[in-house]
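Q: generate a structure from the sequence data that follows.
(2 chains)
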Amino acid sequence: MEISERELRRMVADIDDQHRAAMSTFTEDNRELIFETGPSRRRFLAGLGLGSAALVVGSAVMPMGKLVPKAWAQTTPTDGDIATFAASIEYAAVAAYKAAAASGKVKTPAVLQAATSFAGQHQQHGDAFKAAGTNPNVVANKGVLEMVTPQLTAAKTENEVVALAYGLENTAAATYIFALGVLNNEKAYNAVAAVMPVEAQHAIALGFVLGKTLDDKTFMPSFETLDGHLDPAKFPAA
Amino acid sequence: MDINNDELRRELRDLDQEHRQVMPRWRDSLMRLLVDDKETPTEAKADFLLGGFNRRRFMKLSGLAVAGGTVLAACGDDKKKSATGGAAETTTSTGYSAASKTDQTIARTSASLENFAVAVYDKAIMNAAALKISDPVAKAAVLFKSQHQDHAKAFNAAATQLGGQPYTDPNPTAAKAFEAKIAALKTEQDVLNFAFALEQIAAETYQGVGMKLSTPTLRQTAMTVGGVEARHMAILAHFITPRMTVPAVAFQPIDKAVDASFYV
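A: Residues are numbered from 1 along each chain as shown, chains lettered A, B, ... in the order given. Next comes the predicted model:
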């Protein structure tokens, strides 16, 4: 039997198609394999091994598994998605500070002034993250608001309100440390890295109001941690 | 052109034989790289598998896998840390790119800046009486010195894991640049203002080096320290008169970050 050139070309083309199909799967399979081995976006999404089933700001605990976003459960967030998520956190902080200022529970002028100043800075953070993100219509994070608002309503004293803000600032700092572990885009990195220390300094200012001492590890840790960070899978941006 | 059936069979048999010889080695290399080697950076593995194949890349990576290069284990990765002897370190260091060399330099320089901060706080603590340092400020100085020691250890662990050598002395450029300033410290406020400036330099440096570091994990590690230096700034500012507003702006700048002339 002899094979014509045309038949041979067709056989080679068929084999090439099979090879490409196999390699496509191979690449995707290995992408999965590789990115499951480190602190990956998928891990960022899932919040694995971080005990982050619940967020504690002040005294409230967010139930585990609430608000898992269907879209993110099936895909890997991009740097833009993470920036949008960060914007939603910042806008929630703005709303929280505004609500605190309007509640009448904060009576010390210096504390009220700090709350107003911090709200303004969070607004700027939110705008910067929105610009680096994928959703120009991002709004305050619904999950965070659902958690913070009842605590603010229940707060009876200025100190309880400040304690809530203190928890929120430390939570934001931890969330940005978490985000820095997956961001590759320079614009997104620069925004998050410039904001994270500011949130930590907000926490210090509020900690002084609360009378925190240097031996309090939430106030003056040796290293910033991931403790209490927000998981975007549980607190998705709207 | 027609091809004789026998010739085709022979060529296909030869191809099949080559394929069978090569595939086990290829599979072994992949297994070694992807499964056995826990230490090669994820990015390097991804680059290898997703960025296309060529012999140079393969040789570079398989060399790393064989050497068991330990990279980033000290930088937030809780995977097991394999001990590396001198030879393995050399291979790792050689196998890595200029990016890895930069990572080493930044880790060592960061350690040297931390050592410098330790020396400054130590001097203040030792001369607390002469400088009339109050008890709350002294307590802060003792804690901050201890935390800078922790940071230096962490950066040196990273430098070592990246194939470099630890740096245990204060940064020589900083020591020289601030020698006169340190000698001129006479009061608690002098010390507080100088310490604040040092913390600001450190905080902005760890932020500024971010995209010079080759992986998100390293950038994250640097900022776990950078955030703490920013907290130090805010606490020191609390004791400074007239009172400073910290944070003064919504975004921490990087204009006080050290440049390459401070590299060690």
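Q: buried set for the helix or strand where A:His125 lies?
A: Per DSSP states H and E, A:His125 falls inside helix A:109-132. The neighbour-count check on helix A:109-132 (16 or more other CB atoms under 10 Å in any protein chain shown) flags A:111, A:114-115, A:117-119, A:121-126, A:128-130, A:132 as buried. The way it works is simple: take the backbone N, C-alpha and C, and place the C-beta from them, glycine included.
Q: could you do stretch B:240-247 as well?
A: By neighbour count on 16+ other CB under 10 Å, the buried set for stretch B:240-247 is B:244, B:246-247.
Q: name the nearest residue to A:Pro232, ignoring sequence neighbours.
A: Among residues not flanking A:Pro232 along the chain, A:Phe85 sits closest, at 4.4 Å (CB to CB, 6 or more residues apart in numbering or on different chains).
Q: burial measure for the one you found, as a count.
A: 28 (other CB atoms under 10 Å in any protein chain shown).
Q: distance of it relative to A:Asn184?
A: According to CB to CB, to the nearest Å, A:Phe85 and A:Asn184 sit 16 Å apart.
Q: now do B:Leu198
A: Counting by CB to CB - B:Leu198 and A:Asn184 are separated by 31 Å.
Q: so the two - more neighbours on which side?
A: The neighbour comparison of B:Leu198 against A:Asn184 (other CB under 10 Å) goes to B:Leu198, with 24 against 14.
Q: my guess is the more buried one contacts B:Ala117. True?
A: Yes. Proximity of B:Leu198 to B:Ala117 meets the contact threshold set by CB atoms under 8 Å, at 5.6 Å.
Q: who's in contact with the residue nearest to A:Pro232?
A: A:77, A:133, A:141, A:179, A:232, A:235-237 (CB atoms under 8 Å, 6 or more residues apart in numbering or on different chains).
Q: just those now: which is nearest chain B?
A: Distances from chain B to these, taken as CB to the nearest CB, are shortest for A:Ala179 (8.6 Å).
Q: on the three-state scheme, the closest one is what?
A: helix (DSSP: H, G, I helix; E, B strand; the rest coil).
Q: next one: it from A:Asn141, what distance?
A: Distance from A:Ala179 to A:Asn141, by CB to CB: 14 Å.
Q: so where's chain A shaky on pLDDT?
A: A:1-75 (pLDDT under 70).
Q: give me the domain ranges for it.
A: A:1-37, A:53-210 (automatic domain parsing).
Q: rounded mean pLDDT for whichever strand or helix holds B:Phe116, please.
A: Here B:Phe116, judged by DSSP H and E, is contained in helix B:98-126. Averaging pLDDT along helix B:98-126 gives 95.
Q: name the residues that touch the helix holding A:His125?
A: A:79-80, A:83-84, A:86-88, A:90-91, A:93-94, A:97-98, A:100-101, A:106, A:136, A:138, A:158, A:162, A:165, A:169, A:185, A:187-188, A:191-192, A:195, A:198, A:202, A:205-206, A:209, B:247, B:249-251.
Q: among the residues you listed, name the buried ones.
A: Neighbour counting with 16+ other CB under 10 Å marks A:79-80, A:83-84, A:86-88, A:90-91, A:93-94, A:97, A:100-101, A:106, A:138, A:158, A:162, A:165, A:169, A:188, A:191-192, A:195, A:198, A:202, A:205-206, A:209, B:247, B:250-251 as buried within the contacts of helix A:109-132.
Q: so which of those belong to strands?
A: Applying DSSP state E to those, no entry is found in strands.
Q: the stretch 151-264 of chain B against chain A: which residues are in contact?
A: Contact residues (CB under 8 Å from any CB of the partner chain) of the stretch 151-264 of chain B with chain A: B:151, B:154, B:203, B:207, B:210-211, B:216-217, B:219-220, B:223-231, B:233-235, B:238, B:246-247, B:249-254.
Q: buried among those residues? Need that as a selection in ChimeraX.
A: Buried residues among those (16+ other CB under 10 Å), as a ChimeraX selection:
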select /B:151,154,203,207,210,216,217,219,220,223,224,225,226,227,228,229,230,231,233,234,235,238,246,247,250,251,252,254
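Q: picking that back up, higher neighbour count, A:Ala179 and A:Asn141?
A: Taking other CB under 10 Å, A:Ala179 and A:Asn141 do not tie; A:Ala179 has more neighbours (30 against 27).
Q: contacting residues for the more buried one?
A: With CB under 8 Å, 6+ apart, A:Ala179 has these contacts: A:44, A:82, A:85-86, A:192.
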